[in-house]
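Asker: Quick one: sequence plus predicted model below, questions after.
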Amino acid sequence: MALVEGVAVEDQAADRIRRDTLFWNLAVLCEAAAQFSDALQLELAEVAWRQPARLRNRIVHGYWSIEPDVVHATAKEQLPAMRYLDHSATTSHRQSRPGSTPTATSTNPSTMRCVFSP
């Protein structure tokens, strides 16, 4: 989010280092979101879980067709909504291997901190 704060889309697109950093960070975050278990995704059904995977695939496989305004808007408008996910609350929901079904844990919003913060 800090990469787009106070930065116009045009400036973001023109600054290769800032742009590539944003793309890389979003790809990593989107991949991490895809690793959460089905149990957590059901528990947090209000999260559009398919969108991060789609964005990650676009960045990684279709980088020549990325629209800077879409990526900029995603970082500015959609990432803040994901801030309540807590690493400690969601760790047991990550799948350690394909087909595994971890036990669900509580995701009490009062004890959560931002998983997407540095």
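Answerer: Happy to help now that I have it.

Asker: Please count neighbours and contacts with C-alpha atoms only from this point.
Answerer: Fine.

Asker: got any ranges where the chain has weak pLDDT?
Answerer: 81-118 (pLDDT under 70).

Asker: can you rerun that using 80?
Answerer: By pLDDT under 80, the low-scoring segments of the chain are 46-48, 63-64, 80-118.

Asker: so where's the longest helix in it?
Answerer: Criterion DSSP state H: the longest helix present in the chain is helix 16-34.

Asker: List the contacts of the helix or strand containing A73.
Answerer: If you go by DSSP states H and E, A73 is part of helix 68-73. Residues outside helix 68-73 that contact it (C-alpha atoms under 8 Å, 6 or more residues apart in numbering) are V4, V9, Q12, A13, F23.

Asker: Flag every buried residue along it.
Answerer: Neighbour counts using 16 or more other C-alpha atoms under 10 Å place P68, V71, H72 of helix 68-73 among the buried residues.

Asker: Alpha carbons of stretch 53-66, as PDB, please.
Answerer: The C-alpha trace of stretch 53-66 is given here as PDB (Å, rounded to 0.1, in the frame of the first residue of the first chain):
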ATOM      1  CA  ALA A  53      -5.000 -15.900  -7.700                       C
ATOM      2  CA  ARG A  54      -6.200 -14.200 -10.900                       C
ATOM      3  CA  LEU A  55      -4.100 -11.100 -10.300                       C
ATOM      4  CA  ARG A  56      -1.100 -13.300  -9.400                       C
ATOM      5  CA  ASN A  57      -1.500 -15.200 -12.700                       C
ATOM      6  CA  ARG A  58      -1.800 -12.100 -14.700                       C
ATOM      7  CA  ILE A  59       1.400 -10.600 -13.100                       C
ATOM      8  CA  VAL A  60       3.400 -13.800 -13.500                       C
ATOM      9  CA  HIS A  61       2.200 -15.100 -16.800                       C
ATOM     10  CA  GLY A  62       0.700 -12.100 -18.600                       C
ATOM     11  CA  TYR A  63       3.000  -9.300 -17.400                       C
ATOM     12  CA  TRP A  64       3.000  -7.700 -20.900                       C
ATOM     13  CA  SER A  65      -0.800  -7.100 -20.600                       C
ATOM     14  CA  ILE A  66      -1.000  -5.700 -17.000                       C
END
